[in-house]
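Student: okay, predicted coordinates and the sequence, questions at the end:
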Amino acid sequence: MKVHEYQARQMFADHGVPVPNGEIATTSSEAYEIAERFNKPVMVKAQVLVGGRGKAGGVKYAENAEAAQVLATKIIDMDIKGETVHKVLISEAVDILSESYVGIILDRATQKPVIMVSSAGGVDIEEVADKTPEKIFKEYVDPVVGLQAYQARNLAYKLFKDIGQVRQGADILMKLYQTFWDVDASLVEINPLVTVPGGKVLAIDAKVNIDDNALYRQKEIEAMRDLAAEEPAEIKAREADLSFVKLDGSIGCIVNGAGLAMTTMDLVKRYGGEPANFLDIGGSSNPQKVVAAMDIILSDPNVRSILINIFGGITRCDDVASGIVEAFKQLKPSIPVVVRLTGTNEKEGKKILASVKLPSADTLDNVVKKAIELAG
Amino acid sequence: MKVHEYQARQMFADHGVPVPNGEIATTSSEAYEIAERFNKPVMVKAQVLVGGRGKAGGVKYAENAEAAQVLATKIIDMDIKGETVHKVLISEAVDILSESYVGIILDRATQKPVIMVSSAGGVDIEEVADKTPEKIFKEYVDPVVGLQAYQARNLAYKLFKDIGQVRQGADILMKLYQTFWDVDASLVEINPLVTVPGGKVLAIDAKVNIDDNALYRQKEIEAMRDLAAEEPAEIKAREADLSFVKLDGSIGCIVNGAGLAMTTMDLVKRYGGEPANFLDIGGSSNPQKVVAAMDIILSDPNVRSILINIFGGITRCDDVASGIVEAFKQLKPSIPVVVRLTGTNEKEGKKILASVKLPSADTLDNVVKKAIELAG
Amino acid sequence: MSIFIDKKTKVIVQGITGRDGSFHAKQMKNYGTNVVAGVTPGKGGSKVAGIPVFNTMQDAMAKVKANTSVIYVPPPFAVDAIYEAVSAGIKLVVCVTEGVPANDMMKVAPFVKANGARLIGPNCPGLISPDQSKVGILPGTIVKKGNIGVISRSGTLTYEAIWALTLEGLGQTTCVGIGGDQVIGTNFIDCLAAFEADKATKGIVMIGEIGGSDEEEAAAYIKKNLTKPVVSFIAGQAAPPGKRMGHAGAIVSGGSGTAEGKIKALNAAGIPVAGSPTELPALMKEALKKAKAKAAKKAAKAKSKAK
Amino acid sequence: MSIFIDKKTKVIVQGITGRDGSFHAKQMKNYGTNVVAGVTPGKGGSKVAGIPVFNTMQDAMAKVKANTSVIYVPPPFAVDAIYEAVSAGIKLVVCVTEGVPANDMMKVAPFVKANGARLIGPNCPGLISPDQSKVGILPGTIVKKGNIGVISRSGTLTYEAIWALTLEGLGQTTCVGIGGDQVIGTNFIDCLAAFEADKATKGIVMIGEIGGSDEEEAAAYIKKNLTKPVVSFIAGQAAPPGKRMGHAGAIVSGGSGTAEGKIKALNAAGIPVAGSPTELPALMKEALKKAKAKAAKKAAKAKSKAK
């Protein structure tokens, strides 16, 4: 789950990472008030979950409160890569002497958190990693003992020459790692970490992604979810406990299992169609999930046929079949639906399904081809 | 460092371990007020750092506030094994259905924390360990990953039959372990952990010892130190950064190094004397420490001679010699002092010492014998 | 022969009284797996499908001598169940549970290794050695005894692949679902090494998906260390970047972890990659034929040399 | 020969710019120890007694190839220094620092082992192999090259024992101070095993003290595994129970860890215990004589058998 910059910077601040003063505004007059209270030049920063807001004009410098108001007026309600700006962060502007990059992610190869720093900050770090990997320094953290102070120092020496700044940098890294761990992050990032006149080191941007699997114990963070920034269909899917990703094609897909759902999409493409979505009804699925899945897909006007591909294991074909029958009752789909059922309780499932008289297919490839054919 | 029961139970409560209501009283009228406010029978419990207060009459049941006042009057200022009672804990009395023992210590053999429980609670656990060790159950905790819930359950099943109580017990063990770790304890103990009518599990006693080495980062706990419960000489020694333990003999000992200090005491006994103290001036000793050491020992009226035994290593003999000379100037001891100096900067030390013309000895055994001889 | 589980496998089911635990305990037992006990705190003394239930692994292990456990408990308790199993002396822990936080996995995975045990999963369908033992949720109906090893990050996609093999007469030694999470106990390379060492296995099917670089590392490992033919399938070619496709581990981020990159790496290591799981049997047959021809050539050469 | 350190030992001093660090860096260098670098954060680029100082162990190890480090940093930073040393590839870490919290030690000690390194200490005087290398604070003036191994939980008491040996002509292979804390990296048994394996060592002096059961366990180990004679001394017979005698580990609690118990265990294992450290040389000479006689008898027997 992604959180907004202002939420991430609050997590940083709670752990003692120094950030400039900042407050959130939802209207331009609020922006004015905040900037006036700060009585300093400020940055007006669009709060969106998509990347690249700076290039899109969502981050601007305001000399005074009047300017902040004007800019906030422009930025609020702006569309950035399909996401509407509802909030802006009004943050004290600082004189930047240097910019570094600091990030922590889970490194899958070593199965450890890795901290990455680069003195080439403020820019696209993936570009740095790609073109000048020697400018990125890493420390792998033993997850059972946590980040050690020496590791933070090792990295801080790569960013700063001044020993005072090295100490500040190392301290920030220790606190950032604690944030990463405490909030169950899959990524925390400061880009840029800056130095200002007087020598202070500050985080002037904040990015945090949370491990979805840990949300059950991060209730406060889960409550931060910005539904306004999401596809309505995705919200609905999550509420129904379905894994769903919206795409632009015309073949709706309902599959059990993430790998098989991806494969089904791949085959739709392979046989000349375009998938309308990724949708995994999960393991021990109850009939209601199938109804919800059908409902979500039917609400997409691009969809011209639906394929249901079930290989029963922990999922039982009869459960799914009951769901399909129920969905037909409730939703009365006007587009063709093709079903493939195999595996656990296949016979029972097919028996149940007989009542709705659907076209069916017996193999993975055939159900995909049939759905494309039916979409016309 | 030991803390009082009321302080330990606060640490427990802060970590969510259930304890009965309780407040501290320093006068009998305070005891009355608290008991009246509770409006229930209470226990009046002497707050002392020594063990065995129950047998000494320091823990009593009071039916009402009047009784509590009477008992508090008796217990406050009582002497328990040489320690004067200054405070009593007024704690709500509970009906006890069963008593268990729960303790966590550092197990030196495995270098891990070990949790011990026994359904034979409320009594001297060392006696249980000695006579019926099969009644004590243990779980060793991997210190890097911490106590796991299954371990707490394993132990809780040894104490309780009822699943609800097992769950409470396991939860208490998890929280107790967290306390142990968070406060840098060398021991935490609940004796007894009780069940009451209605099925609730409660800690009605609390014992916590803190690892002295961790006090630098446990400032709040260090501030709990009860100077009134300590020997004035031990307080003075700690302030001077000396390791000191008061004993009852007549030979004062000033030694560098704990092992050598113990050995010196052992030899005093072996050669027919009685050591007045254990005193280690530590490693990189400065002359002022020697002055403080001499001052502390001279304040003990039992001391009839002082032996100074220094084997220089990290300690330099010249530093110690300067300290001795300074101590003679400042304190003008009227009892004999015998010195043995050897090791690092021995020559320089002996040169400095020549000015005070002390009897000296060249070996460990001889300096001890000489001190005994001089004590007369 | 087989890897990880066989006739000697004795299983304890952790979370046996839950919906999934009880269903699959029965399924395993029916398949012939030696399920010796179940564990659910508070349910000790009861039975599920004739299998005795204990409160703790400690109690269970005091009564039965199991070497394997399979976990069906909800995510907040799954990691504790892994610690409990390993501490009780279990040597193979299969964690079916989906939704375990990565932070917890990063801590428990090294603990399992340090204690000389093996973890499979979490978020995995488990494993099956046809006609010997089944631990997890893989359907017993789709497998067939034979000489192909199957490894997969996925669940139902694995069934699809196994079923395709079975239909084409390619039976299996063992099928292992290693799980779709970012941090897992046993990876492709661990399984590849085990299959390479297993005499009965003649060929290996490896099913990967987008996210991470496990397939790339496996490709390098295969090229360097394997004598047996490997064929592969990679799911997620149509997946958009930056979106988690169901599995916690299935996400293309910053241009890395793409299906294209993985397929390229596999092909570069000489490993054929199927366009659909249903093509795997044909690829495998061809690979086996080639390997046989190569072996025959080698044998002939050795023979001629011997002369 | 020797154990743990010898002519090939190359030392980095962690905390070299402090009072103790700089003093003992010089002392070690003067003794002939190969001190190749020092580390103090923020002091990189300077020198102490001609020894180059670096900001981090990483920087130091990039320039010099050390195998050993010795730590003189204050207690709040000592554990970090251990992690830093081990992670930088150091194989022997000697932690002189006194006052390290037990909780931290319980975590770092297994980390050191898991990384294939050895920790000596904390709260220890270090070790010395006469005429080869000295790492820590043991005075070089009291030792003499020879064939006795010395192990001790103490500091100055060890000097006393070594000095007594030296005065009586009993030189040493290596003297190791293992430290007086409750949680230490290397214990008696580790050292006993190393001395048993060291050809040059003919006899071992083991100096224990009250607290814990290390001496009891060592006694059992000696009885079972050692062929070389061991003599011992135990400090703290006059110590009252329940009081910490300086060392964090030196405390008799609940009737366990007494000097009496330890002496009894040692005697039961056939190990003579001295009444004063100054009696150790005589005990050792007698033990060596007995061992020699035993060996001669054995050799004679073997010879007669051979006939």
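Tutor: Sure, I can see it.
Student: now do the same for the nearest residue to C:Ala268 once chain neighbours are set aside: its pLDDT.
Tutor: Spatially, and ignoring its direct neighbours in sequence, C:Ala268 is nearest to C:Ala219 (7.0 Å; C-beta to C-beta, 6 or more residues apart in numbering or on different chains). Bear in mind the C-beta positions are built from the backbone N, C-alpha and C, glycine included. Per-residue confidence at C:Ala219 stands at 97 (pLDDT).
Student: chain A contacts on the stretch 201-307 of chain C?
Tutor: C:207, C:209-214, C:217, C:233, C:235-240, C:243-250, C:254-255, C:259, C:275-278 (C-beta under 8 Å from any C-beta of the partner chain).
Student: now list the buried members of these.
Tutor: C:207, C:209-214, C:217, C:233, C:235-239, C:243-250, C:259, C:276-278 (16 or more other C-beta atoms under 10 Å in any protein chain shown).
Student: burial check on residue 121, number of neighbours?
Tutor: I went with chain A, as the question did not name one. A count of nearby residues for A:Gly121, using other C-beta atoms under 10 Å in any protein chain shown, gives 21.
Student: oops, wrong one, chain C.
Tutor: Based on other C-beta under 10 Å, the number of other residues close to C:Gly121 is 29.
Student: one step back: who does the helix or strand harbouring the residue nearest to C:Ala268 touch, helix- and strand-wise?
Tutor: Here C:Ala219, judged by DSSP states H and E, is contained in helix C:214-225. Applying 3 or more C-beta pairs under 8 Å, 6 or more residues apart in numbering or on different chains; DSSP states H and E, one finds that helix C:214-225 contacts helix C:188-197, strand C:203-209, strand C:230-235, helix C:259-268.
Student: how about stretch C:166-175 as CSV, C-alpha atoms only?
Tutor: Presented in CSV, the C-alpha positions along stretch C:166-175 are these (Å, rounded to 0.1, in the frame of the first residue of the first chain):
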residue,chain,number,x,y,z
THR,C,166,0.2,-36.3,-16.5
LEU,C,167,-2.1,-36.2,-19.5
GLU,C,168,1.0,-36.6,-21.8
GLY,C,169,2.3,-39.6,-19.8
LEU,C,170,5.0,-37.7,-18.0
GLY,C,171,4.7,-38.7,-14.4
GLN,C,172,6.5,-36.9,-11.6
THR,C,173,9.0,-37.7,-8.8
THR,C,174,8.1,-34.7,-6.7
CYS,C,175,6.1,-31.5,-7.4
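Student: in it, what's buried?
Tutor: C:Thr166, C:Leu170, C:Gln172, C:Thr173, C:Thr174, C:Cys175.
Student: now render those residues as TSV, adding distance to chain D.
Tutor: Below are the buried residues of stretch C:166-175 laid out as TSV (distance: C-beta to the nearest C-beta, whole Å):
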residue	distance to chain D
C:Thr166	43
C:Leu170	42
C:Gln172	36
C:Thr173	34
C:Thr174	31
C:Cys175	33
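Student: so A:Val141 makes contact with A:Gln178?
Tutor: No. Using C-beta atoms under 8 Å, A:Val141 is not in contact with A:Gln178, being 11.3 Å away.
Student: okay, the two: which has more neighbours?
Tutor: The residue with more neighbours, out of A:Val141 and A:Gln178, is A:Val141; 22 against 16, by other C-beta under 10 Å.
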